[in-house]
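*Asks:* all I have is the shape, not the residue letters:
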């Protein structure tokens, strides 16, 4: 019996645990060699026991989230690599901080990547300009105070580094825009979600693995099909919206920092110092999508793009090439 038949032939009395067992052959095809389908099935059953509301979700959406995690090589649950979050009657897939770090290190160009929380009693200093740096000292491990900031750092194999910084208020603004603001990992693992938010912002400036890009693109997605990830057209009920943050890269001999329109000091592709902006063709495509989806106001339109694709722009002139590519990709399957 194929996984598609499992979903279609599911009677109400069939337990989710039994469905997971029936899904084992499909998991075997998707999982990396070091993870057995039996182990992933056991983890999935444990996740359901830990979050009973998942058993009330549409079984197809749970199995879809399980298959997505398996295809990305991420384990849901206590490890923090991925989360399955119930939203009404659907199960959403949310990659975790540890999962993104794991996938980022698979790019082959990043030698190290991490995020850290800054507390009120820490010593914390960010230097911009020509000698950009972060100084962070923990003064008292037993009394650090409240979280005030978060930053993410990546080190490339050529020795250069880049980092982003965010304030707690910036992280909270993102959480509040999420439909899972008061549910799932934002409640149980706020620290990890804050770190993940910084890593997602940092990822805009990194050459990362296809798996990392897929994980962020599917953040908050609902999946009911069974098939390869590259053929999957996701639906979303929750996205981890990535707002603008400070992106700072240590310059090489051919790179020099510039000030962006948001006052950020960045170094981007090609040594131009600026991210590549959306083309006229892309903007025309986005305009057509906006008209088809009937978003009349800019607030509604940019809010929608933030939810489904993590676009941080608030006006057309701020839309980057990568932003436009992610949004357009979501509709390509619908236009064909």
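*Replies:* Yep, that arrived. For clarity, every value in this text was computed on a predicted model and none was experimentally measured.

*Asks:* so, low pLDDT: which residues of the stretch 151-300 of the chain?
*Replies:* 179, 220-221, 223-274 (pLDDT under 70).

*Asks:* at which residues are the strands of it located?
*Replies:* Using DSSP state E, counting those that start in this stretch, the strands found in the stretch 151-300 of the chain span residues 161-167, 221-222, 235-236, 246-249, 258-259, 265-266.

*Asks:* got phi/psi on the closest residue to residue 38 other than its chain neighbours?
*Replies:* Nearest residue to residue 38, sequence neighbours excluded (Cβ to Cβ, 6 or more residues apart in numbering): residue 24, at 6.9 Å. Any C-beta I mention is one placed from the backbone N, CA and C, and that applies to glycine too. Residue 24 adopts backbone torsions of phi -50, psi -40, taken as degrees, to the nearest 10.

*Asks:* I'd like to know how many residues surround residue 24.
*Replies:* As a burial measure, residue 24 scores 14 neighbours (other Cβ atoms under 10 Å).

*Asks:* same thing with residue 82?
*Replies:* Neighbours around residue 82, by other Cβ under 10 Å: 27.

*Asks:* state the helix or strand in which residue 303 lies.
*Replies:* helix 298-309 (DSSP states H and E).

*Asks:* and that helix, what other elements does it pack with?
*Replies:* helix 168-177, helix 321-335 (3 or more Cβ pairs under 8 Å, 6 or more residues apart in numbering; DSSP states H and E).

*Asks:* now do the same for the residue nearest to residue 38: its pLDDT.
*Replies:* Note on residue 24: pLDDT of 81.

*Asks:* correct me if wrong: it contacts residue 44.
*Replies:* No. Counting by Cβ atoms under 8 Å, residue 24 stays clear of residue 44, with 10.1 Å between them.

*Asks:* listing request: residues of the stretch 1-150 of the chain with sub-threshold pLDDT.
*Replies:* 1-14.

*Asks:* strands along that one, start to end?
*Replies:* Going by DSSP E, counting those that start in this stretch, the stretch 1-150 of the chain shows strands at 82-87, 90-95, 110-119, 123-127, 133-137, 147-156.

*Asks:* contacting residues for the spatially closest residue to residue 103 that is not a sequence neighbour?
*Replies:* Leaving aside its chain neighbours, residue 103 sits nearest to residue 212 (3.9 Å; criterion: Cβ to Cβ, 6+ apart). The neighbourhood of residue 212, defined by Cβ atoms under 8 Å, 6 or more residues apart in numbering, consists of 100, 103-104, 106-107, 203.

*Asks:* what's around residue 317, how many residues?
*Replies:* 10.

*Asks:* can you confirm it is in a helix?
*Replies:* Yes. Under DSSP: H, G, I helix; E, B strand; the rest coil, residue 317 sits within a helix.

*Asks:* begin at 81, not 1, for the rest of this chat.
*Replies:* That works, and once the first residue is 81, the last one we named lands at residue 397.

*Asks:* mean neighbour count added to the helices and strands packed on helix 378-389, as JSON lines?
*Replies:* Shown next, in JSON lines, are these (neighbours: other Cβ atoms under 10 Å):
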{"stretch": "helix 248-257", "mean neighbour count": "16"}
{"stretch": "helix 401-415", "mean neighbour count": "16"}
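
*Asks:* make TSV from those and add distance to residue 271 to it.
*Replies:* Putting those into TSV (distance: least, Cβ to Cβ, whole Å) gives the following:
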stretch	distance to residue 271
helix 248-257	10
helix 401-415	27
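
*Asks:* for those helices, which one sits closest to residue 224?
*Replies:* helix 248-257 (13.4 Å; Cβ to Cβ).

*Asks:* for that closest one, name the packing helices and strands.
*Replies:* strand 227-236, helix 270-282, helix 378-389.

*Asks:* distance to residue 205 and mean neighbour count added to those, as CSV?
*Replies:* Below are those laid out as CSV (distance: least, Cβ to Cβ, whole Å; neighbours: other Cβ atoms under 10 Å):
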stretch, distance to residue 205, mean neighbour count
strand 227-236, 11, 22
helix 270-282, 17, 23
helix 378-389, 31, 18
